[in-house]
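Q: how would this look folded up:
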Amino acid sequence: MTTTNTRTPLQHSVFVKLLFVGLLIAILLIPLMMVIGLVYERQSRHHSVISEVSSRWGYSQTLTGPLLTIPYRSFWKDDKGKTHSQLNKAQFLPDDFKVDGDIIPEIRSRGIFNVVVYRVNLSIKGSFPHPDLSGWKIDPEHILWEEAILSIGISDTRGIHNALYLNWDEDKKEFLSGAGNNGFFQNGLHVRLPHLATAANTPHTFSFELHLNGSEQIRFVPVGKTTTVNLTAKWPDPSFDGAFLPIDHDIDNTGFQAKWQVSHLGRSYPQYWTTQNNPNIDFYNTEFGVKLLLLVDFYQKSERSVKYGILFIVLTFMTFFLFEVLNPIRIHPLQYLMVGFALCLFYVLLLSISEHLGFTMAYLIASTSTTILIGTYAAKALRSGGRATMMGLILTGLYGYLYVLLHLQDYALLFGAVGLFLILALVMFITRNIDWYAVQLQTAKSEELSD
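A: Here you go, the predicted model:
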């Protein structure tokens, strides 16, 4: 009995097979997007742990001030001759402001997540010129010297763990809670200076010791005509950021030391003003400091690697497709789909293992496992151990290429573009002599004969 092959040539078309493969690639975008969502979810969980630990220990700290505030009254008459008064403030920043700080970092753990916190011991000193309000033509009788205050801004006062005393000239005064009514910052401390009017018309010196808890970073506002900040810490991975970089720093495996020196000429606000002048004071655009980096970069690297996922699927499927075209074998779309799922699972393995063992070890385990899985499966799908070995070598090369690409910063785009160009050139070279119409007919005929 003879049988008639009822399949149409369309079912053997290379073009139709490419459409099927393209459809499978589009379907595999769904699990890739789910993996990206998983990366974001784990990263968000890590950030929430940082926020939770910081809320109990102390958030990142910013020190602003000291700021000297002297209230005064101004009077004017309206059109009806009635006299009105208004409470204003004259405010002064120090001439010299110097900070010496020793940061003591710690790593706190919550589950599998680590958070860097610190204790910092700050020694702060400087000097103010004696307040002179005559330049604003303020009547001396209207100056409320007894209400003068010196205030400092501390972004998270819960981190203070010592009693604070201000050495003002030869007096010692205790800091009070609250930043005082200075009009610029809410969180902080203040000291009353009621005897400022009777003080000698000479510069006033100040100093105090501040011990703070904080997390991740510490910053300072350059309030002095000359601001000098010296910081040291036993932490090998600092990141200097803000409006000013240190003029000198030394980093090694045991820690770092850094020195900032900032002139008032580099700021947009003056050394003294009154609220009547309504100056545009923005302290926080000039803050600077250091961030203690905890090198948990596997979330970022995992996210970047997933973005190359579609490229891996396309190149792997292209390799299977070329094996299918150049050899008398047929690969079912379900087999393509299984290989695609294995490629997607690589990123889940990478993310989950990197949270425990670090990115490099996780990448080695995940890539090796995926390569072995696909290579073993390809031995049956491609009906040849040699083809499966070649498939494994191709995947090894792709994963090695991706690893190098993920660790490049300045040259990542160049390396990626050159790599893709070479891959495309290789594919074009391999397929340069293929007569696609002939391949299409030959495949159909071969299957008809086999039937």
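Q: In the helix or strand hosting residue 335, which residues are buried?
A: Using DSSP states H and E, residue 335 sits in helix 333-357. Residues of helix 333-357 classed as buried by neighbour count (16 or more other Cβ atoms under 10 Å): 335-336, 339-340, 342-351, 353-355. No exception for glycine: its C-beta is placed from N, CA and C like everyone else's.
Q: name the helices or strands packed onto the helix or strand where residue 120 lies?
A: Using DSSP H and E, residue 120 sits within strand 113-128. Packing partners of strand 113-128 (3 or more Cβ pairs under 8 Å, 6 or more residues apart in numbering; DSSP states H and E): helix 14-57, strand 61-77, strand 96-110, strand 204-215.
Q: Break down the stretch 351-451 of the chain into its helices, ranges please.
A: 359-381, 385-407, 412-430, 436-450 (DSSP state H, counting those that start in this stretch).
Q: Could you dump the ones you listed into TSV with distance to residue 231, mean pLDDT and mean neighbour count added?
A: Below are those laid out as TSV (distance: least, Cβ to Cβ, whole Å; pLDDT from 0 to 100; neighbours: other Cβ atoms under 10 Å):
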stretch	distance to residue 231	mean pLDDT	mean neighbour count
helix 359-381	29	92	18
helix 385-407	29	88	16
helix 412-430	32	83	12
helix 436-450	67	50	13
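Q: Output these in JSON lines; the columns should cover distance to residue 23.
A: Shown next, in JSON lines, are the helices of the stretch 351-451 of the chain (distance: least, Cβ to Cβ, whole Å):
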{"stretch": "helix 359-381", "distance to residue 23": "19"}
{"stretch": "helix 385-407", "distance to residue 23": "22"}
{"stretch": "helix 412-430", "distance to residue 23": "21"}
{"stretch": "helix 436-450", "distance to residue 23": "19"}
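Q: Let me know which of the ones you listed is the nearest to residue 180.
A: helix 359-381 (48.4 Å; Cβ to Cβ).
Q: What is the closest one packed up against?
A: helix 298-307, helix 309-326, helix 333-357, helix 385-407.
Q: ok, back up a step: mind checking which of the helices and strands packed on strand 113-128 is nearest residue 389?
A: Among the helices and strands packed on strand 113-128, helix 14-57 comes nearest to residue 389, with 22.7 Å by Cβ to Cβ.
Q: pLDDT weak spots in the stretch 1-150 of the chain?
A: Applying pLDDT under 70 to the stretch 1-150 of the chain flags residues 1-13.
Q: Residue 209 is in contact with residue 121, isn't it?
A: Yes. At 7.4 Å, residue 209 counts as touching residue 121 under the criterion of Cβ atoms under 8 Å.
Q: Please give me every residue in contact with residue 398.
A: By Cβ atoms under 8 Å, 6 or more residues apart in numbering, residue 398 lies in contact with 312, 315-316.
Q: And the helices in the stretch 101-250 of the chain, which stretches?
A: Under DSSP H, counting those that start in this stretch, the stretch 101-250 of the chain gives no helices.
Q: Which stretches in it count as strands?
A: 113-128, 149-154, 165-168, 171-174, 176-177, 188-192, 204-215, 217-220, 226-233, 238-242, 248-252 (DSSP state E, counting those that start in this stretch).
Q: Can you convert those strands into a markdown table and add a column each for mean neighbour count and distance to residue 41?
A: Shown next, in a markdown table, are the strands of the stretch 101-250 of the chain (neighbours: other Cβ atoms under 10 Å; distance: least, Cβ to Cβ, whole Å):
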| stretch | mean neighbour count | distance to residue 41 |
| --- | --- | --- |
| strand 113-128 | 19 | 13 |
| strand 149-154 | 24 | 34 |
| strand 165-168 | 17 | 48 |
| strand 171-174 | 12 | 48 |
| strand 176-177 | 13 | 40 |
| strand 188-192 | 22 | 37 |
| strand 204-215 | 20 | 22 |
| strand 217-220 | 23 | 25 |
| strand 226-233 | 20 | 32 |
| strand 238-242 | 17 | 26 |
| strand 248-252 | 12 | 34 |
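Q: Put together a markdown table for these, with distance to residue 369 on each row.
A: Shown next, in a markdown table, are these (distance: least, Cβ to Cβ, whole Å):
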| stretch | distance to residue 369 |
| --- | --- |
| strand 113-128 | 25 |
| strand 149-154 | 50 |
| strand 165-168 | 62 |
| strand 171-174 | 63 |
| strand 176-177 | 58 |
| strand 188-192 | 55 |
| strand 204-215 | 37 |
| strand 217-220 | 38 |
| strand 226-233 | 40 |
| strand 238-242 | 34 |
| strand 248-252 | 37 |
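Q: now the helix holding residue 335: mean pLDDT?
A: Average pLDDT, helix 333-357: 91.
Q: ok now it, how far from the chain's centre?
A: The chain centre lies 26 Å from the centre of helix 333-357; the measure is Cα atoms, centre = their mean, to the nearest Å.
Q: surely residue 76 meets residue 82?
A: No. Residue 76 lies out of contact with residue 82 (Cβ under 8 Å); the separation is 9.8 Å.
Q: relative orientation of the helix holding residue 335 and helix 298-307 in degrees?
A: Here helix 333-357 runs at an angle of 170 degrees relative to helix 298-307 (axes from the mean of the first three to the mean of the last three Cα atoms, to 10 degrees).
Q: Give me the contact list for helix 333-357.
A: Helix 333-357 has contacts (Cβ under 8 Å, 6+ apart) with 20-21, 24-25, 27-28, 31-32, 35, 38-39, 42, 112, 298-299, 301-302, 305-306, 309, 312-313, 316-317, 320, 359, 361-363, 365-367, 369-370, 373-374, 377-378, 381.
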